[in-house]
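Visitor: from the sequence below, what's the structure:
(chains A and B)
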There are 2 protein chains.
Amino acid sequence: MANEQPDMTLKAIGFVRNEIKQPIREGWEKVVSEVVVDESLSEALDGLEKFSHIIVIYWMHHLETSGALPCKVYPMGRWELPLVGLFATRSPNRPNPLGKATVRLLERQENVLKVEGLDAIDGTPVIDIKPYIPGYDSVADAKTAPWIINQ
Amino acid sequence: MANEQPDMTLKAIGFVRNEIKQPIREGWEKVVSEVVVDESLSEALDGLEKFSHIIVIYWMHHLETSGALPCKVYPMGRWELPLVGLFATRSPNRPNPLGKATVRLLERQENVLKVEGLDAIDGTPVIDIKPYIPGYDSVADAKTAPWIINQ
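Guide: Sure, this is the predicted structure:
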């Protein structure tokens, strides 16, 4: 099975519109963005406004993709923290530069979603939108590594 | 920005190994799977074992991709529920067939992660692995649509 490689090419379903033109390390919580979905998919958003929070999956298109990817990174770029495997962090430098954010849905106007807390810069291609479902997407008793500073 | 379409081709970083050969609608919670990561990326998992839960992003390769995608679907395939936009559901039939599951990490042995609750069939390509971070990935006061039956 593992050798049958399917074609896994993503199509943008929309893009992010906000005031953030360059990545910032902190302070995303209060950033308000618009997720502008392709008009042909406007109807596919019907009902989403009944959820207070949504999950946005996006493609971090601004990253340099040349050169080898290091397997180990400093969490949040902080050198005083231990060097750990990149999959043990949320570093954007990943084999597939996908971001996943859980954001508050403030408003929907046809094909445009106004959201709060999306940590993606202006122009970021959006790949998927899912409703946030407590219990499926959240864990009551999760433990994290000591280098994680809870939000 | 939106017109500069980057190449968004995914690379599998590994695949799922479990006993589930065909999709099932319910009963994933107790399914134990192995996420077999490419050996070249084994080091990139270092430190992940300090987290009790991880997020797995995977490509639902078993789906039929021919034909037009309906914009509206019945949540969980249940006809007694209202027809809603596909992005307001977790239906696998999406423009980009990406799944996102939050699962319990039972064990890590080098490049193999043993997890519980991954709703992906045997052979599913894995795209990304992220640590689950309470507060960033969870919401305390989320509201959902009435057709969502909490897990």
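
Visitor: so in chain A, which strand runs the longest?
Guide: strand A:98-109 (DSSP state E).

Visitor: strands of chain A, start to end?
Guide: A:14-17, A:32-37, A:53-59, A:72-73, A:84-85, A:98-109, A:112-116, A:125-131.

Visitor: next, count neighbours for A:L105.
Guide: When neighbours are counted by other Cβ atoms under 10 Å in any protein chain shown, A:L105 registers 22. Heads up, the C-betas are built off the backbone N, CA and C, glycines and all.

Visitor: list the contacts for it?
Guide: When contacts are counted by Cβ atoms under 8 Å, 6 or more residues apart in numbering or on different chains, A:L105 touches A:48-49, A:51-54, A:113-115.

Visitor: what sits opposite it in the beta ladder?
Guide: As for beta bridges, A:L105 partners with A:V115 under DSSP bridges.

Visitor: the helix or strand of chain A with the lowest mean pLDDT pairs with which strands, parallel or anti?
Guide: Lowest mean confidence among the helices and strands of chain A (mean pLDDT, DSSP states H and E): strand A:72-73, at a mean of 94. Paired strands of strand A:72-73, with direction, are strand A:84-85 (antiparallel) (DSSP bridges).

Visitor: the strand it pairs with - what's its average pLDDT?
Guide: The predicted model assigns strand A:84-85 a mean pLDDT of 96.

Visitor: so what touches that strand?
Guide: By Cβ under 8 Å, 6+ apart, the surrounding residues in contact with strand A:84-85 are A:71-75, A:145, A:147, B:43-48.

Visitor: just the buried ones among those residues, please.
Guide: Those of the contacts of strand A:84-85 that meet the buried threshold are A:71, A:73-75, A:145, A:147, B:43-48, by 16 or more other Cβ atoms under 10 Å in any protein chain shown.

Visitor: which positions within the longest strand of chain A qualify as buried?
Guide: The neighbour-count check on strand A:98-109 (16+ other Cβ under 10 Å) flags A:98-105, A:108 as buried.

Visitor: A:P95: neighbouring residues, count only.
Guide: A:P95 has 19 neighbours, counted by other Cβ under 10 Å.

Visitor: centre of the chain to the least confident helix or strand of chain A, how far?
Guide: Chain-centre distance of strand A:72-73: 20 Å, with Cα atoms, centre = their mean, to the nearest Å.

Visitor: do the same with stretch A:22-39
Guide: The gap between where stretch A:22-39 is centred and where its chain is centred comes out at 10 Å by Cα atoms, centre = their mean.

Visitor: what does stretch A:137-151 give?
Guide: Taking Cα atoms, centre = their mean, one finds stretch A:137-151 lying 17 Å from the centre of the chain it belongs to.

Visitor: just stretch A:104-117 next, same as before
Guide: How far stretch A:104-117 lies from its chain's middle: 15 Å, per Cα atoms, centre = their mean.

Visitor: end-to-end on that stretch?
Guide: Terminal residues of stretch A:104-117 are spaced 7 Å apart (Cα to Cα, to the nearest Å).

Visitor: ok, back up a step: B:R94 is nearest to which of the strands of chain A?
Guide: Closest approach to B:R94 among the strands of chain A is made by strand A:125-131 (6.2 Å; Cβ to Cβ).

Visitor: list the helices and strands the closest one packs on?
Guide: With contacts taken as 3 or more Cβ pairs under 8 Å, 6 or more residues apart in numbering or on different chains; DSSP states H and E, strand A:125-131 sits against strand A:14-17, strand A:32-37, strand A:53-59, strand B:98-109.

Visitor: I'd like the ones you listed laid out as JSON lines, including mean pLDDT.
Guide: Formatted as JSON lines, the helices and strands packed on strand A:125-131 follow (pLDDT from 0 to 100):
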{"stretch": "strand A:14-17", "mean pLDDT": "98"}
{"stretch": "strand A:32-37", "mean pLDDT": "98"}
{"stretch": "strand A:53-59", "mean pLDDT": "98"}
{"stretch": "strand B:98-109", "mean pLDDT": "98"}
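
Visitor: adding distance to B:E19, write those strands out as a markdown table.
Guide: Conversion of those to a markdown table gives the following (distance: least, Cβ to Cβ, whole Å):
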| stretch | distance to B:E19 |
| --- | --- |
| strand A:14-17 | 37 |
| strand A:32-37 | 37 |
| strand A:53-59 | 28 |
| strand B:98-109 | 15 |
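
Visitor: of the contacts of strand A:84-85, closest to A:D7?
Guide: Of those, the one sitting nearest to A:D7 (Cβ to Cβ) turns out to be B:A44, at 24.4 Å.

Visitor: before we move on, back to that, B:E26: which of the helices and strands packed on strand A:125-131 is closest?
Guide: Closest to B:E26 of the helices and strands packed on strand A:125-131 is strand B:98-109 (Cβ to Cβ; 14.3 Å).
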